[in-house]
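**Q** Need a 3D model of the following:
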Amino acid sequence: MSPAARPLPHVERLDASRVADFARLHCAANGAEWCQCVAWWTETWEGWGERSAEENAALRSELFANGEHDGYLAYLGAEPSGWCQVGPRDRLAKLMRQFAPEPDAGTWAITCFFIPPQHRRMGLASFLLEGVLVDLRRRGVKRVEAYPRATFESVEDAWTGPRDIFERAGFLELRAVGRGLVMVKEWP
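**A** Numbers count the residues shown, from 1 in each chain. Prediction:
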């Protein structure tokens, strides 16, 4: 499809009415059926790689059943074409252990991106991040953190978001933790 014929993107907050779109995006055809964006919801990284797609899907279903609609979807027309996991930071025990921040119930976290291969290299992750930040600010969020890797060797390493999109969006680097960075954006 030529860029001129491509539908315009838009960003929507995930809610119960969009769960089917989350599933359409996180499917085998897009190479995303295994994770279901539950990595930060498990207790530890130990055994993470041995979990089955069914275990991850069950955890995702449990999160939805508990009202945890933790992110945003990017659409090209009516097609779900990108995902960004976002929510209050301190609810993720594994993230709190890994990055060891001071607890702050007002800080939100951007923890994951997924753009299917057919929609990559179109600027969709940057567009999605921009939409997320507009909505968070509108909702009164004053501080948001992100955790990109300092460097990555493949697109699969960029699941927490590429560093450069956060820099372009005005995030500042706080510190390095292992292979990752803690970056922050604050509003008055």
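**Q** longest strand of the protein?
**A** Taking DSSP state E as the assignment, the strand of the chain that covers the most residues is strand 79-88.
**Q** What are the buried residues along it?
**A** Judged by neighbour count (16 or more other C-beta atoms under 10 Å), strand 79-88 contains these buried residues: 80, 81, 82, 83, 84, 85, 86, 87. Glycine gets a C-beta too; all of them are placed from N, C-alpha and C.
**Q** Taking those together, which two end up most distant?
**A** The span of those, defined through C-beta to C-beta, is set by 81 and 87 at 20.9 Å.
**Q** quick one, the longest helix along the chain and strand 79-88 angle?
**A** Of all segments of type helix in the chain, defined using DSSP state H, the longest is helix 124-138. Orientation note: helix 124-138 sits at an angle of 40 degrees relative to strand 79-88 (axes from the mean of the first three to the mean of the last three C-alpha atoms, to 10 degrees).
**Q** Show me what secondary structure element comes after helix 124-138.
**A** Per DSSP states H and E, helix 124-138 leads on to strand 143-146 as the next helix or strand towards the C-terminus.
**Q** Check which helices and strands that following strand is in contact with.
**A** If you count contacts as 3 or more C-beta pairs under 8 Å, 6 or more residues apart in numbering; DSSP states H and E, strand 143-146 packs onto strand 107-114, strand 180-186.
**Q** ranges for the helices of the protein?
**A** Counting by DSSP H, one finds helices in the chain at the ranges 19-25, 53-65, 93-99, 124-138, 163-168.
**Q** Need the winner for burial among those helices.
**A** Of all these, helix 124-138 carries the top mean neighbour count, a mean of 19, counting by mean count of other C-beta atoms under 10 Å.
**Q** For the closest residue to residue 14 other than its chain neighbours, grab phi and psi.
**A** Spatial nearest neighbour of residue 14, chain neighbours left out: residue 69 (4.4 Å); criterion: C-beta to C-beta, 6 or more residues apart in numbering. The phi/psi pair for residue 69 (degrees, to the nearest 10) reads phi -110, psi 90.
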